[in-house]
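Colleague: Show me the folded form of this:
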Amino acid sequence: MNKKDDLQSSAATSSADRTGQIAADPSFQDDGDSALGDDIAPSTSSIASTILEYRKLHGRTYHNYKDVEYWGPNDEQQNDGLDLNHHKLYLAFDNKLFFAPLRNPQKVLDVGTGTGIWAMYENRVCHDGHMSTPKHQTNLVVSDFATEFPEAEVIGTDLSPTLPNWVPPNCVFELDDASQEWTFPDNTFDYIHIRFMAGCFKDWTRLYSECFRCLKPGGWLEHQECGFRVVSDDGSLPPDNAFNEAANLFAETGRRSGHTTEVIDDDNWIRWMEEAGFRNVQKKAIKTPMGEWPADKKWKEVGLFNRITTETALEGYFLYKLTRVMGWEYAEVQSWLARVREALRNKAYHGYSTW
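Modeller: Model (predicted):
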């Protein structure tokens, strides 16, 4: 039996299934964000001093690993955004880190681990398990994969070094470029996790092929990805809203650089996974409101996290892309970002994005 036949249940693209319209709260008022604060704004290498000498662009820092092109900053502000996004998804997914039907996984890979918060939560939390970043304090307690599966070996890879104060014995972080040929042997992992990597790869079929090669027979790939377009079900968003412009710009920068951002659009990722050899590809989708407009308490909190996450990370999403790819001036970028932030805070907009 060849490997393709043996991997009958190998891929899960995920998020909890929520297709109904989210009811808006007619009494919604902006009474501040007390919960999160008001200040928004092919080889595997060990960490060397040169890697820590980050590139700088308009006051933001970026990785310095092998001159690999990646648009996201790696500074504290962007890391705050990544961690807030993790909380948002943990809440939206009903306290789930994954949706694949895992059974006692022994070896797990987190591709593009970022701050490492999915793999190992300790490095950016208080001792009581609550989130703590320099600008935000929340009451949302989350888990991490290494804690949920203490018998599993969890490996997180990224272009930027993850430097936690403490790492559990079953978790390790490695510096690696996932767009190149992987150094892991065939049939290594029971589960591979990818999240929020749109715009990071030129060849997604190649990435998924490496996942397929490195998964054990019967192993699972789970890719959680965001649709960048914000829409509404009740017509509250005008056609010329700043969200549409942002989504169009983000997609255009991906087309110009060759790093597509349109991963979930037209089910591209399903096609790429199947081209890589995966079978039993499952798709789930969840609406994540943008702002505190929902009537339901849970979705109101998800919307709060979504808005604050986006405001925190917004400049990082676009600064490199608009200045280096589109040729904008820095002042032009800041003026446009102000327009997007204004839309984020517009209480009349009942928008949502889809994971």
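Colleague: Name the single longest helix found in this protein.
Modeller: Under DSSP state H, the helix in the chain containing the largest number of residues is helix 297-320.
Colleague: May I see the buried residues of that helix?
Modeller: 299-320 (16 or more other Cβ atoms under 10 Å). C-beta here means a position set from N, CA and C on the backbone, and glycine is covered the same way.
Colleague: just stretch 183-193 next, same as before
Modeller: 184, 188-193.
Colleague: picking that back up, any idea of the mean pLDDT for the longest helix of the chain?
Modeller: Summarised as a single mean, pLDDT over helix 297-320 is 95.
Colleague: Identify the residues contacting whatever helix or strand residue 268 lives in?
Modeller: Using DSSP states H and E, residue 268 maps to helix 268-276. Helix 268-276 is contacted from outside by 11, 13, 204-205, 208-209, 211-212, 221, 223, 225, 260, 262-263, 281, 283, using Cβ atoms under 8 Å, 6 or more residues apart in numbering.
Colleague: What are the neighbouring residues in contact with the residue nearest the centre of the chain?
Modeller: Centroid-nearest residue in the chain, with Cα atoms, centre = their mean: residue 196, separated by 2.7 Å. By Cβ under 8 Å, 6+ apart, the contact list for residue 196 reads 82, 85, 112, 114, 224-226.
Colleague: now residue 293
Modeller: Applying Cβ under 8 Å, 6+ apart, we find residue 293 in contact with 24-25, 28, 300, 303, 347, 349-350.
Colleague: Where is pLDDT lowest across those residues?
Modeller: Among the contacts of residue 293, residue 28 carries the weakest pLDDT, at 73.
Colleague: Could you report the neighbour count for it?
Modeller: Number of residues near residue 28 (other Cβ atoms under 10 Å) recorded here: 17.
Colleague: returning to what we had before: just the contacts of residue 293: which are in helices?
Modeller: Judged by DSSP H, those include 300, 303 as members of helices.
Colleague: In strands, which of the contacts of residue 293 fall?
Modeller: Assigned to strands by DSSP state E, none of the contacts of residue 293 qualify.
Colleague: Of the contacts of residue 293, which pair is most distant in space?
Modeller: The span of the contacts of residue 293, defined through Cβ to Cβ, is set by 300 and 349 at 14.5 Å.
Colleague: still on that earlier bit, closest to residue 144 among the buried residues of stretch 183-193?
Modeller: Using Cβ to Cβ, the buried residues of stretch 183-193 come closest to residue 144 at residue 193, 11.5 Å.
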